[in-house]
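J.: fold the following for me, if possible:
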Amino acid sequence: MAVDASGHALFTTRPTRGAHSWSRPQRVDAVNTLTGISCPTTRLCVAVDDSGRVLSTAHPTRGARSWSRPRRIDSVQGTDGGNAGLLGISCPTVTLCVAVDGAAAADVLSTTVPRGGAGAWHMVRLGGTLTSVSCPSAGLCVVAGSEHVYSSDPTGGRSSWHFTGGPVGGGVISDLDCPDTTLCVGVGFGDTSPGLAVATALPRGGSRHWKTRDVLASPPPASAELLDAVGCAAQTLCVALDTADDAYTSGNPVKGGWSWDGAIRPKSASQQNAISCAPKLCVVVDSAGVETTGIVHS
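T.: Residues are numbered from 1 along each chain as shown. Next up, the predicted model:
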């Protein structure tokens, strides 16, 4: 499944077959930008938008009519006076979804009834800046932005969340992926580099277990831009993307060793990416409306 800035959702059951395998975009959110989607099974997808609303479907291949009406679960204002909006969502199971918003004080919202009403969601204010969330299991969620924060009880109160610091030297983690409970990798940028990676093999550990690496070579490739997306196919392969569609890979992200693999699409018009990886497959969608599939070879 993928969502876009015009409120459309689209899907494919054969992602390696190219653009023709994708459904026509179906408008499921009439007035807002969809900012994230998570599908723990083929019978549940939950999406969030930039006005703080959530919507879901139990039949993601049946078109727009199968989606619920968007329900507002977050009415917090952003720094510009408008809605802070939801920036991402992760549903590790059909009985847990966790989302983060763009408020200056950073909120985490969770529910054990993803298809319930707005009252089924619970908000916790963490502070700082949040951009992304990844929950590899019902017993572990990690959120990130200016810091990385984890919880073994994501439906608990603020005391259930534990701050573990941020990138060494400062910066912002723009995207985060935890493929399992023993690996979390985030990418972003700081004052000293447009391409930083933070990673840990012990997400429940303290700040000393997180390592910050410079992903870009020195000097960086001429086309290099800010890193904005990361996906891990397994413990031994993570792929990071920058806003120019350049790809960087690592076989051991905790210890570093990132390499530039070139542009996925040379001369891309994209300015934003998202990537999702399974053990044998990575799929990238970008803001130019292009999908790219890569087979992961062991």
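J.: okay, now residue 22: neighbour count?
T.: 17 (other Cβ atoms under 10 Å). From N, CA and C alone the C-beta is placed, and that goes for glycine too.
J.: so it versus residue 72, what's the distance?
T.: Going from residue 22 to residue 72 by Cβ to Cβ, to the nearest Å gives 29 Å.
J.: likewise residue 56?
T.: The spacing between residue 56 and residue 72, counted by Cβ to Cβ, is 14 Å.
J.: more neighbours, the two?
T.: Legend: neighbour count by other Cβ under 10 Å for residue 56 and residue 72, higher for residue 56 (23 against 14).
J.: correct me if wrong: the more buried one contacts residue 66.
T.: No: Residue 56 is beyond contact range of residue 66, at 9.6 Å (criterion: Cβ atoms under 8 Å).
J.: where in this protein is pLDDT low?
T.: 218-221, 223, 297-298 (pLDDT under 70).
J.: show me the contact partners of stretch 11-22.
T.: With contact meaning Cβ atoms under 8 Å, 6 or more residues apart in numbering, stretch 11-22 is reached by 1, 2, 10, 23, 60, 61, 281, 283, 291, 293, 295.
J.: give me the buried subset of the residues you listed.
T.: Neighbour-count burial (16 or more other Cβ atoms under 10 Å) is assigned, among the contacts of stretch 11-22, to 1, 2, 10, 23, 60, 283, 291, 293.
J.: mind checking which of those residues are in strands?
T.: Among these, the members falling in strands (DSSP state E) are 2, 10, 283, 291, 293.
J.: and of the buried ones among the contacts of stretch 11-22, the nearest to residue 253?
T.: residue 283 (19.3 Å; Cβ to Cβ).
J.: can I assume the closest one is in contact with residue 264?
T.: No: taking contacts as Cβ under 8 Å, residue 283 lies outside contact range of residue 264: 11.3 Å.
J.: overlap in contacts, the two.
T.: Counting by Cβ under 8 Å, 6+ apart, the residues touching both residue 283 and residue 264 are residue 292.
J.: just to revisit the earlier point, let's have the contacts of stretch 11-22 in JSON lines, adding distance to residue 156.
T.: JSON lines is the format used below for these (distance: Cβ to Cβ, whole Å):
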{"residue": "1", "distance to residue 156": "29"}
{"residue": "2", "distance to residue 156": "32"}
{"residue": "10", "distance to residue 156": "35"}
{"residue": "23", "distance to residue 156": "38"}
{"residue": "60", "distance to residue 156": "30"}
{"residue": "61", "distance to residue 156": "35"}
{"residue": "281", "distance to residue 156": "34"}
{"residue": "283", "distance to residue 156": "33"}
{"residue": "291", "distance to residue 156": "37"}
{"residue": "293", "distance to residue 156": "38"}
{"residue": "295", "distance to residue 156": "40"}
